[in-house]
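**Q** What shape does this take:
(one chain, ligands or ions: 4)
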Amino acid sequence: EKPGLELAVVSVPSYACQRHTPLLHHNTILTDALSILAENAELSENEGRGVAFRRAAALLKSLPQEVRGAEQLRGLPCLGEHSLRVIKEVLEDGVSHEVETTMHSEQFKAMKALTGIFGVGAKTADRWFREGIHNPSNLQRSGHTLNRAQRIGLKYYDELNLPVTKPEAVAIGQIVERAVHAVLPGAEITLIGGFRRGKQTGHDVDFLITHPDEGREEGLMPKVVSWLEAQGFLLYQKTTGNSYLESKEGPARPASNMDRFERCFSIFRLSTDNEGREIQTGDGPQTYSPTLTNTDPHTHSDTHPHSKTDSHPLPQTLVVVGDHAQKVSRVLGHSQCSGPRSWRAVRVDLVVSPYSQFAFALLGWTGSKLFERELRRWAVHEKAMTLSSHALYDRKRMQYLRASSEEEIFAHLGLEYIPPCDRNA
Ligand code: CTP
Ligand code: MN
Ligand code: MN
Ligand code: MN
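**A** Ligands and ions are numbered 1, 2, ... in the order given. Next up, the predicted model:
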């Protein structure tokens, strides 16, 4: 008797937004393999293929147990011919020949290294690769003219590729709060992206900012950025204004999946001390009372997104020890900037939304990217609705559907509510 045959008879819904997908799951060996192929497809600008592998991986992430044999996969959705072939290979031989070949290919390694530079996308990386540039050092020596983002991306290459830890994200959150409250008291700051889904590390830290008095948030970003710059917290920033209202196409038909909020892509200068411990210096606890919204992904009680009931003061000093601290100091010690230093560079995304759009922005910026894509696909194909990070439009009733919480949006869409910690598709 083979274990786990019951998997085949359990019905699994086909949209990732209908399923609970926790961060930790039982099929990492299979999903790691599929993720390599997805990444390779994305780097080759073959989006369709990338999505197919991502959907297959997401399906496996949602299964309640480890898949041990291909017969357990019968009747499951999202598994295309190619993905199934790879899964069978890994189940039978422990590795997939295609995955191994991809992983070790010069092109894949180079594309990963080059797109790992902040400000470099697949198109640029591909052009450079075909010129014989395979890594940041090659690029440095090539004499290519780089834009401001790429120059800073190259300069801080190693540390921007170090994961950002949760304590570092919290420390960044404290700085963001001070900045926002200095220029707009009463504004609310929420940790979004991967950290809201319960990830312990990320490639950046994402925050959503709003204010209960609609309109007060207008023009907020430049003020926040000025404050941060004056305090020396920014190494780089690129702010884009809100283009939602001015848009001629109307909000129901966005030109792309990109939203139009006031937004800032930035690189923060986060203090660390000489021992590699992270310390956030500031005005001191007496002048700073943190109110960062509790978005602990395992707290299912934050039903109202603006709820402050779970708020608690954050520690003023954060100490990061162990493995991560050692990695940080090693990278800083070897950085191209003169000698070891007491701060590291961290990628930070800031988004400002009007209060009435907050729930949509929260849902749209919590991710994962595949979960978001699946929500929009579900909305269009199953409900004749258009979902964006701004609004939900019902095309049959020809009206916008209001929502002040993520729960309400799931309800409008006829979906069971999936908490952030289960959106790791
Ligand atoms: N997002 C978006 N528009 C962008 C960039 C990101 O709407 N131009 C959304 C993504 O859909 C995702 C969220 O913002 O839901 C966070 O994106 P990102 O920081 O890239 O990914 P994370 O899930 O946070 O993963 P990581 O930990 O690697 O940062
Ligand atoms: Mn992120
Ligand atoms: Mn949970
Ligand atoms: Mn981000």
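**Q** what does the stretch 101-250 of the chain put close to ligand 2?
**A** When proximity is defined by C-beta under 5 Å from the ion, the stretch 101-250 of the chain lies next to ligand 2 at 193-194, 202, 204, 206. The C-beta positions use only the backbone N, C-alpha and C, and glycine is treated the same way.
**Q** near ligand 1, which residues of the stretch 51-200 of the chain show up?
**A** If contacts are counted using C-beta under 6 Å from any ligand atom, the residues of the stretch 51-200 of the chain sitting beside ligand 1 are 193-194, 199.
**Q** Return the nearest residue of this structure with respect to ligand 4.
**A** Distances between the chain and ligand 4 by C-beta to the ion are smallest at D349, namely 3.9 Å.
**Q** Any idea what T239 is bridged to?
**A** C264 (DSSP bridges).
**Q** oh, I was asking about R423
**A** With DSSP bridges applied, the residues forming beta bridges to R423 are T21.
**Q** how about the residues of this protein that lie near ligand 4?
**A** Contact residues (C-beta under 5 Å from the ion) of the chain with ligand 4: 204, 206, 349.
**Q** between the residues you listed, which is closest to K238?
**A** Distance to K238, by C-beta to C-beta, is smallest for D349 among those, at 10.6 Å.
**Q** close to ligand 2, is the helix or strand that contains that closest one?
**A** Using DSSP states H and E, D349 sits within strand 343-352. No - judged by C-beta under 5 Å from the ion, strand 343-352 makes no contact with ligand 2; its nearest approach is 6.6 Å.
**Q** try stretch 414-425
**A** No - shown here: stretch 414-425 not in contact with ligand 2 (C-beta under 5 Å from the ion), separated by at least 12.6 Å.
**Q** average pLDDT for that stretch?
**A** Regarding stretch 414-425, the rounded mean pLDDT is 98.
**Q** Could you work out the end-to-end span of that stretch for me?
**A** Across its full length, stretch 414-425 reaches 19 Å between end residues, using C-alpha to C-alpha, to the nearest Å.
**Q** is it up against ligand 1 anywhere?
**A** No - using C-beta under 6 Å from any ligand atom as the criterion, no contacts between stretch 414-425 and ligand 1 are found, and the smallest distance is 8.7 Å.
**Q** out of the residues of the chain next to ligand 4, who's nearest G75?
**A** Checking these one by one against G75 (C-beta to C-beta), the nearest turns out to be D206, at 37.1 Å.
**Q** just so I have it, where are all the strands in the stretch 51-200 of the chain?
**A** Secondary structure of the stretch 51-200 of the chain (DSSP state E, counting those that start in this stretch): strands located at 164-165, 188-192.
**Q** For V176, see how far away S405 is.
**A** Remark: distance between S405 and V176 (C-beta to C-beta, to the nearest Å) = 23 Å.
**Q** Please look at the residue of the chain closest to ligand 4 and C264 and confirm they touch.
**A** Yes - under the contact definition of C-beta atoms under 8 Å, D349 touches C264, with a separation of 7.2 Å.
**Q** For those two, indicate the residue with more neighbours.
**A** C264 (21 against 16; other C-beta atoms under 10 Å).
**Q** Which residues are in contact with that one?
**A** Contacts for C264 were tallied using C-beta atoms under 8 Å, 6 or more residues apart in numbering; they are 221, 224-225, 237-240, 348-351.
**Q** Out of these, which two sit at the greatest distance?
**A** For the contacts of C264, with distances taken as C-beta to C-beta, the pair at the greatest spread is T240 and V348 (14.8 Å).
**Q** the more surrounded of the two?
**A** When T240 is set against V348 and neighbours are counted by other C-beta under 10 Å, the residue ahead is V348, at 26 against 12.
**Q** Perfect, that will be all.
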